[in-house]
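1. got a predicted structure here, sequence first:
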Amino acid sequence: MQYNDAGLALLDWFRVRWNKLFHSWSSTGFTLLTIFVTWIALSNLFTPPPPQAGPDLVGVAGVAKSMDALITYSERGREHISELDATSTAVTDLAESVRYTQMDSAQQMFSAMGELGSSLDKLSVELRTFHTEVSGGVDA
């Protein structure tokens with residue numbers, strides 16, 4: 001068998017590297033630790049991730065059951081809002097009627113009824129917004 005210079009150079013290069021890796025206990029320990037950490041890192045890198053958990057059907061059913069009152073309210077919500085609008089209009093009309101009477105406290109009653117009418121209007125708008133959100137959430 002014939003040896004050439006390139007083969008011997010390669011063999012010498014591996015021998016030098018091997019001796020540097022294992023020439024003392026500390027270098028041997030460090031080499032083994034590096035191999036171990038590299039092995040763990042590569043195995044974690046190429047391991048497929050665990051499957052994602054499915055939806056919690058019991059939790060979804062619990063949320064749906066807790067929203068039962070909102071769903072029941074939303075079925076008659078438009079009627080309540082219409083009644084509230086009518087009440088607000090009636091209070092505002094009554095306030096205007098009281099303002100033109102000759103009573104001593106007509107101005108105080110007018111301002112109190114005006115505040116009540118505007119509060120009922122605001123409540124109607126808030127309920128309409130709430131009803132829309134509940135109906136949209138139930139339909140979705």
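-> Received the coordinates, thanks. Numbering: from 1, shown residues only.
2. so for the longest helix along the chain, what gets flagged as buried?
-> Using DSSP state H, we find that the single longest helix of the chain is helix 106-139. For helix 106-139, the neighbour count (16 or more other Cβ atoms under 10 Å) marks 109-110, 113-114, 116-117, 120-121, 124, 127-128, 131, 134-135 as buried. To be clear about C-beta, it is placed using only N, CA and C from the backbone, and glycine gets the same treatment.
3. repeat that for stretch 6-26.
-> Quick answer for stretch 6-26: no buried residues (16+ other Cβ under 10 Å).
4. average pLDDT across it?
-> Computed over stretch 6-26, the mean pLDDT rounds to 84.
5. end-to-end on stretch 92-108?
-> Stretch 92-108 stretches 14 Å from its first residue to its last (Cα to Cα, to the nearest Å).
6. in JSON lines: the buried residues of helix 106-139, plus distance to residue 15 and pLDDT.
-> Shown next, in JSON lines, are the buried residues of helix 106-139 (distance: Cβ to Cβ, whole Å; pLDDT from 0 to 100):
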{"residue": "109", "distance to residue 15": "109", "pLDDT": "89"}
{"residue": "110", "distance to residue 15": "107", "pLDDT": "89"}
{"residue": "113", "distance to residue 15": "104", "pLDDT": "90"}
{"residue": "114", "distance to residue 15": "101", "pLDDT": "89"}
{"residue": "116", "distance to residue 15": "99", "pLDDT": "92"}
{"residue": "117", "distance to residue 15": "99", "pLDDT": "90"}
{"residue": "120", "distance to residue 15": "95", "pLDDT": "91"}
{"residue": "121", "distance to residue 15": "93", "pLDDT": "90"}
{"residue": "124", "distance to residue 15": "91", "pLDDT": "89"}
{"residue": "127", "distance to residue 15": "87", "pLDDT": "84"}
{"residue": "128", "distance to residue 15": "86", "pLDDT": "85"}
{"residue": "131", "distance to residue 15": "84", "pLDDT": "77"}
{"residue": "134", "distance to residue 15": "79", "pLDDT": "70"}
{"residue": "135", "distance to residue 15": "81", "pLDDT": "67"}
